[in-house]
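**Student:** Any chance you could fold what I've pasted below:
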Amino acid sequence: QVQLVESGGGLVQAGDSLRLSCAASGRTFSNYAMGWFRQAPGKEREFVAVINWNGGRTDLSDSVKGRFTISRANAKNTVYLQMNSLKPEDTAIYYCARSTTSYRTKSLDMFDYWGQGTQVTVSS
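**Tutor:** Below is the predicted model of the structure:
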């Protein structure tokens, strides 16, 4: 069983930065791509960022490109989401998830393990 635990969320002002972390249990972390998704109130969960198994390739949604960065430390079983220049529209619960494959994918259906989420609130 894989467990994912997010941390690092909080209440910040527009223009501030936050770094989210997601710690994973299990010995096969480095075999899989990892992703970040978010869900705002009244909206569907949406893709934010994904990183392949070794960190060599990433993909970001257009809404966060240039502001967010995804990275991973396989030795620590951890994936990160660095969020800069935060905007009020970034307010959401952020989830990390483990892909069923080693390569990048944006599809929620391709992720089988999910964390409980961490709240990010950006005030204007």
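
**Student:** and the end-to-end length of stretch 40-48?
**Tutor:** By Cα to Cα, to the nearest Å, the extent of stretch 40-48 from end to end equals 12 Å.

**Student:** Return the set of buried residues in that stretch.
**Tutor:** Of the residues in stretch 40-48, 45, 47, 48 count as buried by neighbour count, 16 or more other Cβ atoms under 10 Å. Quick note: C-beta positions are derived from backbone N, CA and C, even for glycine.

**Student:** With stretch 49-62 instead?
**Tutor:** 49, 50, 51, 52, 53, 55, 58, 59, 60, 61.

**Student:** Name the residues that touch it?
**Tutor:** Here stretch 49-62 makes contact (Cβ atoms under 8 Å, 6 or more residues apart in numbering) with 30-36, 46-48, 64, 68-72, 74, 79, 81, 99, 102-106.

**Student:** Can I have the buried ones of the residues you listed as a ChimeraX selection?
**Tutor:** This is how ChimeraX selects the buried members of these, with burial counted by 16+ other Cβ under 10 Å:
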select :30,32,33,34,35,36,47,48,64,68,69,70,72,79,81,99,104,105,106
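
**Student:** The contacts of stretch 49-62 in strands, which ones?
**Tutor:** Among these, the members found in strands (DSSP state E) are 34-36, 46-48, 68-72, 79, 81, 99.

**Student:** which residues sit in contact with residue 33?
**Tutor:** 50, 51, 52, 53, 98, 99, 101, 102, 103, 104, 105.
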